[in-house]
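Engineer: sequence and predicted structure are below.
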Amino acid sequence: MLRITCSGDNLNVRIEPTGKVIQFDPDFQAYKVERQDMVTDAFLYWMPEYCLVLPDHPVDEGDTWTGELTFERPFATMDLMGKTAGVTFKSTYKVKKIKKKKGRQVVEIEEKRKIHCRIWMHIEVVSLIIEGEGTGHGKWEIDTDLGLVLSHEMKIGIGRPQVRQSGDWEPIGDIEAQIELIFSRKLDKLEKE
């Protein structure tokens, strides 16, 4: 099980080697509500950033491969519309560098990502459903000897998504939205259990 601590709160996640998330258990107040779909936004924003699609064959510097993952979550308003909340990303990865760091092999990977999202977003008093296409660019640094992500940065832009208020069938007219998602993490230290 992958255990992540963010801002003093625990987030327990189990991810299969294929990248499929089989458990997502945040241990903070927003999740302690009866409707689990209220953390749909957190799940769909965070989970794609904890997974990369690894190649099914050995790779070396300069090699590339592609991968695709889909993350879905129930959300009551979308269920009523016959749709699911979800994010699908298709990525092209490239091994930029293989090096030794503290005696271990570290691989630097560049990622170019295309995404399609249909997500719920709660902003103050407004509950919105956002649907659109976007692209992103990211960097991964992975210790392949320990199987650990040492650092990861991702920036995604979603230009002119369709926006509707939660519960409404029709998109909001005369709205120009742009969304930019920036994700960054770095392993500070490794503690022995």
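Structural biologist: All right, it came through fine. Numbers count the residues shown, from 1 in each chain.

Engineer: find the residue at the geometric middle of the chain.
Structural biologist: Compute the mean C-alpha point of the chain, and by C-alpha atoms, centre = their mean the closest residue is Pro48, 2.0 Å away.

Engineer: partners of the helix or strand hosting Val95 in the sheet?
Structural biologist: If you go by DSSP states H and E, Val95 is part of strand 85-101. As defined by DSSP bridges, the strand partners of strand 85-101 come to strand 64-73 (antiparallel), strand 104-123 (antiparallel).

Engineer: turn the ones you listed into CSV, including mean neighbour count and distance to Trp140.
Structural biologist: No exception for glycine: its C-beta is placed from N, CA and C like everyone else's. Output for the strands paired with strand 85-101, formatted as CSV (neighbours: other C-beta atoms under 10 Å; distance: least, C-beta to C-beta, whole Å):
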stretch, mean neighbour count, distance to Trp140
strand 64-73, 16, 12
strand 104-123, 17, 4
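
Engineer: rebuild those strands as a markdown table, extending it with distance to Trp169.
Structural biologist: As requested, the strands paired with strand 85-101 are arranged in a markdown table below (distance: least, C-beta to C-beta, whole Å):
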| stretch | distance to Trp169 |
| --- | --- |
| strand 64-73 | 20 |
| strand 104-123 | 14 |
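
Engineer: for these, which one sits closest to Gly132?
Structural biologist: Within the strands paired with strand 85-101, the stretch nearest Gly132 is strand 104-123; the backing value is 6.4 Å (C-beta to C-beta).

Engineer: got CSV for the strands paired with strand 85-101, with distance to Lys186 and mean pLDDT too?
Structural biologist: Listed next are the strands paired with strand 85-101 as CSV, based on distance: least, C-beta to C-beta, whole Å; pLDDT from 0 to 100:
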stretch, distance to Lys186, mean pLDDT
strand 64-73, 22, 91
strand 104-123, 13, 89
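
Engineer: closest one to His57 among the ones you listed?
Structural biologist: Between these, strand 64-73 lies closest to His57; by C-beta to C-beta that is 7.9 Å.

Engineer: with Glu141 as the reference, measure out to the residue nearest to Lys96 when sequence neighbours are not counted.
Structural biologist: Closest residue in space to Lys96, ignoring its immediate chain neighbours: Glu108 at 4.5 Å, by C-beta to C-beta, 6 or more residues apart in numbering. Plainly put, Glu108 is 5 Å away from Glu141 if you go by C-beta to C-beta, to the nearest Å.

Engineer: that older thread, in contact with the residue nearest to Lys96, which residues?
Structural biologist: If a contact means C-beta atoms under 8 Å, 6 or more residues apart in numbering, then Glu108 has 95-99, 139-141 as its contacts.

Engineer: let's see 7 Å
Structural biologist: 96-97, 139, 141 (C-beta atoms under 7 Å, 6 or more residues apart in numbering).
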